[in-house]
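*Asks:* Pasted the sequence and its predicted model underneath.
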Amino acid sequence: IQPFMEEVANGEIRSIFYKGKELGSILKIPPAGEFLANIARGAAYNKIVLDDNIAKKCGDLASELEEKGVSLVAFDVLAGHVSEVNITCPGLLVEVSNAYNKNLAIPFFNQLKIKCTVCYHL
């Protein structure tokens, strides 16, 4: 259970890491009058650059997880703190890719040495 933090109304960061390195980060902003920053429920999102302190925290955690065999991880950051670490369902790769205007899934398929025609059409 997480305590409710009023700062969520100002937005929540989703940052995706692969093999210990940041792929990209977005700020999810809830619709006016709401506090849930859920993109499927109308939240907006924009590409952002992580603050150096948060980037280091997420990078350190991602590197530790990579050593344990977890290559893909998504962090939620709220009020300057990592509030959630998603390893079983690190979603929003499509939205982060869209914000960066490039397909961030390609490194996964390149590593597997297979060609994914779907990935090249996103």
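*Replies:* Looks like it came in fine. Residues are numbered from 1 along each chain as shown.
*Asks:* tell me the mean pLDDT over whichever strand or helix holds N98?
*Replies:* With elements taken from DSSP states H and E, the one containing N98 is helix 93-100. Summarised as a single mean, pLDDT over helix 93-100 is 86.
*Asks:* before we move on, what about stretch 57-70?
*Replies:* Stretch 57-70 comes out at a mean pLDDT of 94.
*Asks:* For I48, see how far away the nearest residue to L61 once chain neighbours are set aside is.
*Replies:* Once flanking residues are discounted, L61 sits nearest to V85: 6.5 Å by Cβ to Cβ, 6 or more residues apart in numbering. Where you see a C-beta, it was placed from the backbone N, CA and C, and this is true even at glycine. V85 is 19 Å from I48, where distance means Cβ to Cβ, to the nearest Å.
*Asks:* helix/strand/coil for A32?
*Replies:* coil (DSSP: H, G, I helix; E, B strand; the rest coil).
*Asks:* next one: C58
*Replies:* helix.
*Asks:* That one: what's it in contact with?
*Replies:* By Cβ atoms under 8 Å, 6 or more residues apart in numbering, the contact set of C58 is 15, 17, 22, 50, 75, 77, 82.
*Asks:* Tell me the one among those residues nearest to A62.
*Replies:* The closest of those to A62 turns out to be F17 (Cβ to Cβ; 3.8 Å).
*Asks:* pLDDT averaged over the strand ranked longest in the chain, what's the number?
*Replies:* Taking DSSP state E as the assignment, the strand of the chain that covers the most residues is strand 21-29. Averaging pLDDT along strand 21-29 yields 93.
*Asks:* Point out the other helices and strands that it packs with.
*Replies:* Contact partners of strand 21-29 among helices and strands, from 3 or more Cβ pairs under 8 Å, 6 or more residues apart in numbering; DSSP states H and E: strand 12-18, strand 44-47, helix 52-67, helix 93-100.
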